[in-house]
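> Using only what follows, build the 3D model:
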Amino acid sequence: HTTRRLSALPGQEIPAAAGTWVSRDDFIAYLEDYARRQDIPIRFHSPVQRIDRTGGRWRLQTAGGDLEAETVVVATGYNRRPHLPDWPGRSGYTGRLIHSSEYRNPAPFRGSDVLVVGSGNSGAEIAADLVDGGARQVWNAIRTPPNIVRRNLGPLANQHLGILASKLPPRFVDWLSLTIQRLAIGDLSRHGLAAPRDGAYTRVMRDEQIPLIDVGFLSHLKAARIQVVPGVDAFESDWVVCGNHRVKPQAVVAATGYERALDDLVGHLGVLAPNGRPAVHAPRAHPRTPGLYFIGYTNPLVGNLYEVSKVAVELAACKS
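This next block holds a predicted model:
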C-alpha cells in the first residue's frame, strides 16, 4: 500500500527492480540485504521477555540469557499478537476458523463458502483473493463502514495525499476524505455498504483504523461476487449470526486486528497508556524511563514504514 520510494529504511533504498508497489518476497529480500550491508548483528531465537532498570542501565531478560544496555529501542511492531474475539458460541463452531495472520493463499478454500470478518485492508484483500482463487461464496462481515480510497488518484499514489493531509487541519482532512470517497468511489449502499459517518482522520485517531485501500475489493463487491453482511454477533453450530443475517460458511477468516502486547515486556514500568500503546513515542523517552524508546506503535495516514524511518533518523540524531 505504500510506494517503494516511501517505504525504505534509513540509509538504503529499495531496488528499483521491485517496482512501485513492493511485493512481500521483494521486501523480505530487501530486509535481508539491508542487514548484511549495514552489518547489523541480529540475534535470532532470543525473544525479550522483560525489561528492567538496574544501576542506571537497562537489563533485558531473553531466552538466551540477560543483556544490558544504556539505550533500548522497543520496536516489536504495531501488529504483534493476533486478536480473535471471544464470540458467543465460537467454541462450538463446526467449520474452520482462522485469524487472518494464518491465511496464506486461497487454495484451501476453493469451492467453499467463506465468511471474512473485518473491514480493514486485510479483510478486504483476503475477500478479493478468495474470489479470485475460486471460493464459491464470499461474505464480508462489516460492522462499521470504512473509509475507502483508491491506491492511486490518477498518477499520484494515495500515500502522497496522506503525507499532505497530515499537515492539514483535522476537520478539513475528514471533510476532504469523505468528499473524495463520494466522488471517486460513489454510493455503495445498494451493495450493502453504507457511506462512513466519520472521516479518515477521526477513524485513524479514535479507532486506529486507516482507510481501506482498494486493490480489487470494489470490483468484486459491485459484481456481487462479495456480499456484505453486518458484523458477527454469535456462532450457532455451523451457522454465524451477523445482525439480522444468518450465514452458513464452511470457513471463517477473522481479520479482526492485533494487539501491541507490551504488558509483559514493559507494563510494570508505567510507560503504557490505557489502550496498551506507549504513552510517549520516539524520538522522546518517557520521563520515568530515560534511555527507553518506542518506535512503530502508531498507524498513521502517511504509512507506517515511512513514519518509522523518519522517527529512526530523528532518534539517531538525538543520541549522536
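
> switch to C-alpha atoms for all contacts and neighbour counts from now on
Will do.

> what ranges do the strands span in the stretch 201-320 of the chain?
In the stretch 201-320 of the chain, the strands defined using DSSP state E, counting those that start in this stretch lie at 212-214, 226-229, 234-236, 239-242, 245-247, 251-254, 258-259, 292-294.

> what's the closest of these to I180?
strand 212-214 (13.0 Å; C-alpha to C-alpha).

> For R50, find the nearest of the strands of the stretch 201-320 of the chain.
When the strands of the stretch 201-320 of the chain are compared (using C-alpha to C-alpha), the closest one is strand 292-294, at 12.9 Å.

> partners of that closest one, with directions?
Next to strand 292-294 in the sheet, as set by DSSP bridges, lie strand 72-74 (parallel).

> what's next to the strand it pairs with, contact-wise?
For strand 72-74, the external contacting residues (C-alpha atoms under 8 Å, 6 or more residues apart in numbering) are 58, 291-295.

> 7 Å instead?
For strand 72-74, the external contacting residues (C-alpha atoms under 7 Å, 6 or more residues apart in numbering) are 291-295.

> nearest to A254, of these?
For the contacts of strand 72-74, the nearest to A254 is I295 (26.9 Å; C-alpha to C-alpha).

> quick one: contacts for the closest one?
Counted by C-alpha under 7 Å, 6+ apart, I295 has contacts 74-75, 281-282, 308.

> pLDDT value on it, please?
According to the prediction, I295 has pLDDT 96.

> any chance you could map the helices in this structure?
24-37, 121-132, 158-165, 170-184, 200-207, 217-222, 263-266, 304-319 (DSSP state H).

> Indicate which one of the ones you listed is closest to Q250.
helix 121-132 (13.1 Å).

> What is that closest one packed up against?
Here helix 121-132 touches strand 113-117, strand 137-141, helix 217-222, going by 3 or more C-alpha pairs under 7 Å, 6 or more residues apart in numbering; DSSP states H and E.

> Just the CA atoms of that helix, as CSV, please.
The C-alpha trace of helix 121-132 is given here as CSV (Å, rounded to 0.1, in the frame of the first residue of the first chain):
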residue,chain,number,x,y,z
ASN,A,121,-7.3,-3.9,4.4
SER,A,122,-6.6,-7.5,5.4
GLY,A,123,-10.2,-8.4,5.4
ALA,A,124,-10.9,-6.7,2.0
GLU,A,125,-7.9,-8.1,0.3
ILE,A,126,-8.5,-11.6,1.6
ALA,A,127,-12.1,-11.5,0.5
ALA,A,128,-11.0,-10.4,-3.0
ASP,A,129,-8.3,-13.1,-3.1
LEU,A,130,-10.8,-15.8,-2.1
VAL,A,131,-13.0,-14.7,-5.1
ASP,A,132,-10.0,-14.8,-7.4
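
> what's in contact with that helix?
Contacts of helix 121-132 (C-alpha under 7 Å, 6+ apart): 106, 116-117, 138, 140, 212-213, 216-217, 220, 225, 255.

> Identify the residue nearest the geometric centre of the protein.
By C-alpha atoms, centre = their mean, the chain has its centre lying nearest to N79, at 6.2 Å.

> For it, give me its contacts.
By C-alpha under 7 Å, 6+ apart, the neighbours of N79 are 258-260.

> G118: what's it in contact with?
Listed by C-alpha under 7 Å, 6+ apart, the contact partners of G118 are 141-142, 254-256.

> which residues touch the spatially closest residue to L265 that is not a sequence neighbour?
Spatial nearest neighbour of L265, excluding adjacent residues (C-alpha to C-alpha, 6 or more residues apart in numbering): R50 at 4.3 Å. When the contact criterion is C-alpha under 7 Å, 6+ apart, the partners of R50 are 60-61, 264-266.

> For A75, see how far away N152 is.
30 Å (C-alpha to C-alpha, to the nearest Å).

> These two - which one has more neighbours?
N152 (16 against 13; other C-alpha atoms under 10 Å).

> I'd guessed the more buried one sits against H160; true?
No - using C-alpha atoms under 7 Å as the test, N152 is too far from H160 to be in contact (9.5 Å).
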